[in-house]
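In: have a look; sequence and predicted model below, questions after that.
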Amino acid sequence: MSWLKAVILEIYGLFVDDGSFALTIVVWLTIAALVLPRLNIPASVNALILFAGLLLILFESTLRRAGK
């Protein structure tokens, strides 16, 4: 049965290497989906805000991993 756990953890690791990174992305996408449509700004600005947030999350994760 331990082999099954090892296989499941390996498959999980293929898709989610850093749990906090994935969780942060999900939280940012949720916030963006709830808040950005209510701001009444052009769609192109919404796209830039979404992109900037994801870029900052990636940058922070990269710095955190580089520090280890």
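Out: Nice, I can see it.
In: residues contacting the residue nearest the centre of the chain?
Out: By CA atoms, centre = their mean, the chain has its centre lying nearest to residue 25, at 2.1 Å. Contact analysis of residue 25 by CB atoms under 8 Å, 6 or more residues apart in numbering lists 54, 57. In short, each C-beta sits where N, CA and C put it, glycine included.
In: so what does the nearest residue to residue 65 once chain neighbours are set aside have for phi and psi?
Out: Nearest residue to residue 65 in three dimensions, chain neighbours excluded: residue 18, at 7.4 Å (CB to CB, 6 or more residues apart in numbering). In terms of degrees, to the nearest 10, the main-chain angles of residue 18 are phi -130, psi 110.
In: what is the burial count for residue 18?
Out: Residues within reach of residue 18, counting by other CB atoms under 10 Å, total 11.
In: that one reaches residue 61, doesn't it?
Out: Yes. Assessed by CB atoms under 8 Å, residue 18 is found in contact with residue 61 at 6.3 Å.
In: tell me which residues of stretch 34-42 come out buried.
Out: residue 36 (16 or more other CB atoms under 10 Å).
In: got a list of contacts for it?
Out: 46, 49-50.
In: 10 Å instead?
Out: Stretch 34-42 is contacted by residues 43, 45-50, 53 when judged by CB atoms under 10 Å, 6 or more residues apart in numbering.
In: can you give me the mean pLDDT across that stretch?
Out: Mean pLDDT, computed over stretch 34-42, is 93.
In: what mean pLDDT does stretch 54-68 get?
Out: Rounded mean pLDDT across stretch 54-68 is 89.
In: how about stretch 4-12?
Out: 86.
In: as PDB, could you dump the C-alpha coordinates of that stretch?
Out: Output in PDB follows, covering the C-alpha atoms of stretch 4-12 (Å, rounded to 0.1, in the frame of the first residue of the first chain):
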ATOM      1  CA  LEU A   4       0.300   3.500  -3.900                       C
ATOM      2  CA  LYS A   5       1.000   6.500  -1.700                       C
ATOM      3  CA  ALA A   6       4.400   7.000  -3.300                       C
ATOM      4  CA  VAL A   7       2.800   7.000  -6.800                       C
ATOM      5  CA  ILE A   8       0.100   9.500  -5.800                       C
ATOM      6  CA  LEU A   9       2.600  11.800  -4.200                       C
ATOM      7  CA  GLU A  10       4.800  11.600  -7.300                       C
ATOM      8  CA  ILE A  11       1.900  12.500  -9.600                       C
ATOM      9  CA  TYR A  12       0.900  15.300  -7.300                       C
END
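In: many thanks, we can stop here.
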